[in-house]
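>>> Predicted coordinates and the sequence they were generated for:
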There are 2 protein chains.
Amino acid sequence: MDNFSFQCITKLCFGKDQQKKIGARIQPFAKKVLLVYGGGSIKKSGLYDEVVASLTEAGIAHVELSGVQANPTYEKVLEGIEIAKKEQVQMILAVGGGSVIDTSKAIAIGFYEADAWSFFEKGGEPSNVLPIATVLTIPAAGSEVSPDAVITYKGRKLGFSSQKIRPVVSVINPEIFFTLPKNQIANGVTDMMSHIFERYFTQTTHTELIDSLCEATLRTIMRNALILMKDPKNYDAWSEVALGGSFAHNGLLGCGRIQDWGCHGMEHELSAHDDRVPHGAGLAVLTPNWMKYVYKENPQMFLQFATNVMEVTLDRDTEKTILRGIDKLRDFFSTIGQPATLTELGIGNAPLAEMANKCVGNGYTGNFKPLYQEDVHNIYKMSL
Amino acid sequence: MDNFSFQCITKLCFGKDQQKKIGARIQPFAKKVLLVYGGGSIKKSGLYDEVVASLTEAGIAHVELSGVQANPTYEKVLEGIEIAKKEQVQMILAVGGGSVIDTSKAIAIGFYEADAWSFFEKGGEPSNVLPIATVLTIPAAGSEVSPDAVITYKGRKLGFSSQKIRPVVSVINPEIFFTLPKNQIANGVTDMMSHIFERYFTQTTHTELIDSLCEATLRTIMRNALILMKDPKNYDAWSEVALGGSFAHNGLLGCGRIQDWGCHGMEHELSAHDDRVPHGAGLAVLTPNWMKYVYKENPQMFLQFATNVMEVTLDRDTEKTILRGIDKLRDFFSTIGQPATLTELGIGNAPLAEMANKCVGNGYTGNFKPLYQEDVHNIYKMSL
């Protein structure tokens, strides 16, 4: 186990009707908030009305920024910053999924900093940020508990991380997810599983507790995802998946180990090449191929994955067990409706060598096995 | 899964040499601290010098309260409050185990509140508290991440809980535990296991993720405790046990479920009757008997415990599997040197009926099966 520091300040408010108490929850922080959301789905579902009623009841005024879309843009962030400053709000309340929450995080920075985008470009620590609260509508990105945000500007999709932009309050009510279409469930589940894989696969040794917490969370997410594919209004299954999705990305499962993040790096290029490629679907295509490409770097780790996560019966032939584990993961992704190839994703003709170049820049991606341009290109080709 | 809110604000700084950076870690909070510790062991080990050097380096002045003992008293708390007020410190830095940290928490309340003891007597929420930091010397009580404190005054040992008294920074360096005697290791391990049992055994249904996290943490603690009994300077084993001990009591493993706390309630009376009874040893005696007494209330939960925690092979006879699980737990406690009976604990002649009376007051203890006076008395008699 490596040395580490871990802190997650987010207050998680979980369960039925929690969105109706959001006003009281954020009263200590603000008398006026900027309410950020996407399209009309929260109006159709009644969630918008519930949140606004709760704010009113708590005596909290609000102004709005709506129309945040997938792969959220800095233009939208600038729009939000302008409203937030003009209206002198004291907090951002994001009602949505990762895109809405990430937009809110960037606005929270830009309220105090003249150039929020520069943090995405160059890193650094904002002097101050507005506090952020969230009501989650899609469990997937984990942004409701994470210190991360990803924003697109001038053709570049960049991430920024700071403990200061972790939400202070996040509401997760599994009932809100009942109307999500199956492909969004599948993409969310794949993304949260990948958040765990990126932490789980490591060359750091003596990581027994966190390993076993990763394994338990992965098994629980997979088991309950299968229930949701048949019964998307199952409250109990949603509870397990949504809570698992938050634990997957609040940092806990990355304590004391070098993390990988190669698959996320490689997937970014797929979605950048064609923004109709859902992040989750791209990860589902790449991850099993990444596993086949890298497992020889540390067969024991993949043996552990095969037996403890994929519940493969141990065979005396180690390689057989490992490959069965990877095949079982591929089967799982197929069962929840994910594609298995770039061709199925509709990008079979993509310029793979060039994308591999962009992925690694002048260096490499991933840590379990550092992947150079040729490696990424190979994994892309395996994925055709 | 029940509705819940969860937040743990403590920044955990884990690993080698972390105590040498405590000054820099707490610099944002204080220019002057009250350093609280127990006896001379931290001076002998060099830890005291390291902490003081780190404070000096960070330009933080300190005053001291030493001599905190097991089952910490309110008299000592009052002594600390007086120093803290007179010296106008801005933070409490606890260097020790649960007793030192709990004392510090009570001082943190009493710095602002005229009558800190009243919170232990009657509950309530302190208006304000001093921030608390800790350097852990014994992993056991989990107080380094918990919102709880237990203080003794005028023959009463009372607990108080408030999110405000969670430490803001806690250092855990496994190297600091290398010199702990085996009985203290065993008592610490038993206490942390009990913190998980009290949360794990529940009648709440659909608690799959948290169940599996409890099980993973219990297995890891037990496996590594066995290593420590043979090799108490094993850094890796200590890392797993100490991290497990913090997760056991930071609240995470209690999310969304009704908790029990019957064994802790029953054990309190043992230590109150004779304060030479270590809390961990008392729990080791009572827990397997509690299990035998209550398992029929929910055999499935105990079947799950037997197979998933104690790794008993499932038998077609459910009861056989359950009892094997409980026996394996008893064997584990014996292996780490814990007593199995009140007689071995030296309190075979204790007034059990009277203690059972005190334990339940006018009501009951525990939630998995509410235990009335007769039940507690029965479990005490089973433990003779």
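Sure thing, it's come through.

>>> Identify, by residue count, the longest strand of chain A.
strand A:4-14 (DSSP state E).

>>> Can it be said to contact chain B?
Yes - using CB under 8 Å from any CB of the partner chain, strand A:4-14 reaches chain B at A:4, A:5, A:6, A:7, A:8, A:9, A:10, A:11, A:12, A:13, A:14. The way it works is simple: take the backbone N, C-alpha and C, and place the C-beta from them, glycine included.

>>> Neighbours of the residue in the stretch 251-384 of chain A that chain B sits nearest to, how many?
Per CB to the nearest CB, residue A:256 is where the stretch 251-384 of chain A lies closest to chain B, at 6.7 Å. Residue A:256 has 20 neighbours, counted by other CB atoms under 10 Å in any protein chain shown.

>>> what angle do the longest strand of chain A and strand B:4-14 make?
Orientation note: strand A:4-14 sits at an angle of 180 degrees relative to strand B:4-14 (axes from the mean of the first three to the mean of the last three CA atoms, to 10 degrees).

>>> how far out from the middle of the chain is strand A:4-14?
Averaging C-alpha positions (CA atoms, centre = their mean, to the nearest Å) puts strand A:4-14 16 Å from its chain's average.

>>> Kindly export stretch A:273-283 (C-alpha atoms) in CSV.
Only the C-alpha atoms of stretch A:273-283 are listed here, as CSV (Å, rounded to 0.1, in the frame of the first residue of the first chain):
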residue,chain,number,x,y,z
HIS,A,273,-13.6,11.4,-33.2
ASP,A,274,-17.4,11.0,-33.2
ASP,A,275,-19.4,12.6,-30.5
ARG,A,276,-22.3,10.2,-31.1
VAL,A,277,-20.2,7.5,-29.5
PRO,A,278,-21.4,7.2,-25.9
HIS,A,279,-18.6,7.1,-23.3
GLY,A,280,-19.9,3.9,-21.8
ALA,A,281,-20.3,2.1,-25.1
GLY,A,282,-16.7,3.1,-26.1
LEU,A,283,-15.4,1.7,-22.7
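
>>> buried ones in it?
By neighbour count with 16 or more other CB atoms under 10 Å in any protein chain shown, stretch A:273-283 contains the buried residues A:273, A:277, A:278, A:279, A:280, A:281, A:282, A:283.

>>> Could you work out the most separated pair of these?
A:273 and A:280 (16.2 Å; CB to CB).

>>> Would you mind listing the buried residues in stretch A:221-228?
Across stretch A:221-228, burial judged by 16+ other CB under 10 Å covers A:221, A:222, A:223, A:224, A:225, A:228.

>>> ok, which of these also contact chain B?
A:223, A:224.

>>> ok, of the buried residues of stretch A:221-228, which one's closest to residue A:379?
Taking CB to CB as the measure, residue A:379 sits nearest to residue A:222 out of the buried residues of stretch A:221-228, at 22.9 Å.

>>> quick one, what contacts that closest one?
By CB atoms under 8 Å, 6 or more residues apart in numbering or on different chains, residue A:222 lies in contact with A:189, A:193, A:332.

>>> How much space separates it from residue A:241?
Distance, residue A:222 to residue A:241, by CB to CB, to the nearest Å: 9 Å.

>>> Identify the contacts common to these two.
Common contacts of residue A:222 and residue A:241 (CB under 8 Å, 6+ apart): residue A:189.

>>> tell me, how many neighbours does residue A:166 end up with?
By the measure other CB under 10 Å, the count of residues near residue A:166 is 24.

>>> hang on, isn't it packed against residue A:11?
No - using CB atoms under 8 Å, residue A:166 makes no contact with residue A:11, being 10.4 Å away.

>>> Spell out which parts of the stretch 151-300 of chain A neighbour chain B.
So far as CB under 8 Å from any CB goes, the stretch 151-300 of chain A lies against chain B at A:205-206, A:208-210, A:212-213, A:215-217, A:219-220, A:223-224, A:236, A:239-240, A:243-244, A:247, A:252, A:255-256.

>>> re the thing from before, export the buried residues of stretch A:273-283 as TSV, with columns for pLDDT.
Formatted as TSV, these follow (pLDDT from 0 to 100):
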residue	pLDDT
A:273	92
A:277	93
A:278	94
A:279	94
A:280	97
A:281	98
A:282	98
A:283	98
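
>>> In PyMOL, how would I select just the buried ones from the residues of the stretch 151-300 of chain A next to chain B?
One line in PyMOL is enough to select the buried members of these, burial here meaning 16+ other CB under 10 Å:
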select buried, chain A and resi 206+208+209+210+212+213+215+216+217+219+220+223+224+236+239+240+243+244+247+252+255+256
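
>>> Can you flag which of the residues of the stretch 151-300 of chain A next to chain B belong to strands?
Per DSSP E, those never map to strands.

>>> Please name the residues that touch the residue nearest to residue A:1 when sequence neighbours are not counted.
Leaving aside its sequence neighbours, residue A:1 sits nearest to residue A:256 (CB to CB, 6 or more residues apart in numbering or on different chains; 3.9 Å). By CB under 8 Å, 6+ apart, the contact set of residue A:256 is A:1, A:2, A:3, A:4, A:204, A:207, A:210, B:14, B:15, B:239, B:243.

>>> Pick the one among these closest to residue B:307.
residue A:210 (22.8 Å).

>>> quick one: that closest one from residue A:308, how far?
Counting by CB to CB, the gap from residue A:210 to residue A:308 is 13 Å.

>>> what residues are up against residue A:370?
residue A:364.

>>> Can you check the pLDDT for it?
Residue A:370 is assigned 98 on the pLDDT scale.

>>> just residue A:272 next, same as before
88.

>>> Over to the one 4 residues further on?
pLDDT, residue A:276: 91.

>>> wouldn't it be in contact with residue A:345 here?
No - under the criterion of CB under 8 Å, residue A:276 makes no contact with residue A:345, lying 9.0 Å away.

>>> for residue A:68, what are its contacts?
Counted by CB under 8 Å, 6+ apart, residue A:68 has contacts A:36, A:37, A:38, A:76, A:96, A:99, A:100, A:103.

>>> Report the contact partners of the third one.
Neighbouring residues of residue A:38 by CB under 8 Å, 6+ apart: A:66, A:67, A:68, A:69, A:96, A:97, A:99, A:100.

>>> Would you mind checking the average pLDDT for the longest helix seen in chain A?
In chain A, assigned by DSSP state H, the helix with the most residues is helix A:208-230. Mean pLDDT, helix A:208-230: 98.

>>> and what of stretch A:175-192?
Mean predicted lDDT for stretch A:175-192 stands at 97.

>>> Off-centre distance for that stretch?
Computed by CA atoms, centre = their mean, the chain-centroid distance of stretch A:175-192 equals 12 Å.

>>> can you tell me which residues contact the residue positioned nearest the centre of chain A?
Centroid-nearest residue in chain A: residue A:141, 2.1 Å away (criterion: CA atoms, centre = their mean). For residue A:141, the contacting residues are A:97, A:98, A:101, A:102, A:191, A:249, by CB under 8 Å, 6+ apart.

>>> cool, residue A:50 as well?
A:19, A:20.

>>> try 10 Å
Residue A:50 makes contacts with A:17, A:19, A:20, A:21, A:22, A:42, A:95, A:135, A:173, A:176, as judged by CB atoms under 10 Å, 6 or more residues apart in numbering or on different chains.

>>> so what's residue A:58 closest to, chain neighbours aside?
Spatial nearest neighbour of residue A:58, chain neighbours left out: residue A:23 (3.0 Å); criterion: CB to CB, 6+ apart.

>>> Provide the contact partners of the helix or strand harbouring the one you found at residue level.
Element membership for residue A:23, per DSSP states H and E: helix A:22-26. With contact meaning CB under 10 Å, 6+ apart, helix A:22-26 is reached by A:11, A:13, A:18-19, A:30, A:33, A:50-60, A:62, A:90-91, A:93, A:95, A:131-135, A:168-171, B:5.

>>> buried stuff in that helix?
Residues of helix A:22-26 classed as buried: A:22, A:23, A:25, A:26 (neighbour count, 16+ other CB under 10 Å).

>>> gap between the residue nearest to residue A:221 when sequence neighbours are not counted and residue B:279?
Closest residue to residue A:221 apart from its sequence neighbours, by CB to CB, 6+ apart: residue A:244 at 4.3 Å. Separation of residue A:244 from residue B:279 (CB to CB): 33 Å.
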